[in-house]
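In: structure for the following, please:
(chains A and B)
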Amino acid sequence: SQQGEEDPQALSIQEGENATMNCSYKTSINNLQWYRQNSGRGLVHLILIRSNEREKHSGRLRVTLDTSKKSSSLLITASRAADTASYFCATDNFGNEKLTFGTGTRLTIIP
Amino acid sequence: NAGVTQTPKFQVLKTGQSMTLQCAQDMNHNSMYWYRQDPGMGLRLIYYSASEGTTDKGEVPNGYNVSRLNKREFSLRLESAAPSQTSVYFCASMRGSDSSYEQYFGPGTRLTVT
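Out: Numbering: from 1, shown residues only, chains lettered A, B, ... in the order given. The predicted model follows:
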């Protein structure tokens, strides 16, 4: 069964706007990661946040983690057409080296 | 540095045929993974290998076998393909064992079983 579930399933915004997508998970985690997948391609790692961190930034990406609510959010600021992709959260369980992926959010940036 | 490579990119099989999907990584990673991706299902783990010589089942192993040939290569075999195995298959690798949990993915193999 899927550990993470993203919300919304699909999101369309105008170029330049901010995009926020959420991930909820079920069990305790060691860390949570976000990946991007462009159409027809493999996944690309974006950012990792550890269970003892609450917020992390990387360029235009901001990730938050609330372990009490078992949820995370990914914010992409000043969106660009090139951000059009599917975004997945993935969790691991205390170093067993397996990731469990959510079902993804499909983001479309309208030029 | 090619990263993770997969062959073939596309394949069409008839029900009952067998085939092997090949994966190789040149990053000296310890861990390797096979996933399948179906519409609306995200990625599901088929098998993984934490190190050369070891393999373990993931969430959906039935109908598949794997071989960790050496540190670089991890193959996935379908012995008797079924239409339910129509999917996109991704191989991934991870350095592992040192708190680095980022996975690197190959470009995928699109498999259709008729």
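In: quick one: contacts of the helix or strand bottoming out on mean pLDDT in chain A?
Out: In chain A, no helix or strand scores lower on mean pLDDT, DSSP states H and E than strand A:5-7, which sits at a mean of 85. Applying C-beta atoms under 8 Å, 6 or more residues apart in numbering or on different chains, the contact partners of strand A:5-7 are A:Met21, A:Asn22, A:Cys23, A:Ser24, A:Tyr25, A:Tyr87, A:Phe88, A:Cys89, A:Gly102, A:Thr103, A:Gly104, A:Thr105. The C-beta positions use only the backbone N, C-alpha and C, and glycine is treated the same way.
In: need the residue closest to the centroid of chain B.
Out: Closest to where the C-alpha atoms of chain B average out (C-alpha atoms, centre = their mean) is B:Trp34, at 2.7 Å.
In: quick one: pLDDT of that one?
Out: Per-residue confidence (pLDDT) for B:Trp34: 98.
In: tally of neighbours for the residue of chain A found nearest chain B?
Out: Residue nearest to chain B within chain A (C-beta to the nearest C-beta): A:Gly42, separated by 3.4 Å. Using other C-beta atoms under 10 Å in any protein chain shown, A:Gly42 has 22 neighbouring residues.
In: from B:Asn65, how far out is it?
Out: Using C-beta to C-beta, to the nearest Å, A:Gly42 is found at 22 Å from B:Asn65.
In: how about A:Thr108?
Out: Computed as C-beta to C-beta, the A:Thr108 to B:Asn65 distance reads 39 Å.
In: what's the answer for B:Ser31, then?
Out: B:Ser31 is 18 Å from B:Asn65, where distance means C-beta to C-beta.
In: same check, this time on A:Thr20
Out: 42 Å.
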